[in-house]
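A.B. asks: give me a 3D structure for the following:
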Amino acid sequence: MDIYKFWSAVLQQDADAIRPFFHKDAWVNWHNTNEHFTVEEFIRANCEYPGDWDGEIEQVMRTDTHIITATHVISKDGKLSFHATSFIRVVDDKIASVDEYWGDDGDAPQWRRDKHIGTKIK
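C.D. replies: Numbering: from 1, shown residues only. Sure thing, here's the model as predicted:
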């Protein structure tokens, strides 16, 4: 499975391009919001999400059963930025399930900045 093509389809919100990556009975969990989706529900949630999106995979790890990605997702207007960590279980070269964790990007909290600990990654 080409994980880069999958993420490209997701970021382009292209339902027809996303669908073939999945087994028909696959599912997706978004743990931050406690949501469980069928493939069609995931496609609808992703493709109807407001705005236009871009991004890039920052890391990929593969095991015998999973592809794990850390992906930076940004709105095309540059106002919103997120990181998603996805644990994608693959069976017969198609996605069987996804456990995904999203976080909003932003500055370190003030209490840590006040301690003068840590430095910026980028």
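
A.B. asks: could you measure residue 82 against residue 89, distance?
C.D. replies: Counting by Cβ to Cβ, to the nearest Å, the gap from residue 82 to residue 89 is 22 Å. The way it works is simple: take the backbone N, C-alpha and C, and place the C-beta from them, glycine included.

A.B. asks: give me the contacts around whichever strand or helix holds residue 114.
C.D. replies: Using DSSP states H and E, residue 114 sits in helix 110-115. Contacts of helix 110-115 from elsewhere in the structure, counted by Cβ atoms under 8 Å, 6 or more residues apart in numbering, are 107, 118.

A.B. asks: state the mean pLDDT of it.
C.D. replies: Here helix 110-115 scores 92 as its mean pLDDT.

A.B. asks: okay, the closest residue to residue 98 other than its chain neighbours: pLDDT?
C.D. replies: Distance criterion Cβ to Cβ, 6 or more residues apart in numbering; nearest residue to residue 98, sequence neighbours excluded, is residue 28 at 4.3 Å. Looking at residue 28, its pLDDT is 98.

A.B. asks: kindly report the same for residue 35.
C.D. replies: Reading off the model, residue 35 has pLDDT 97.

A.B. asks: I am finished for the moment; much appreciated.
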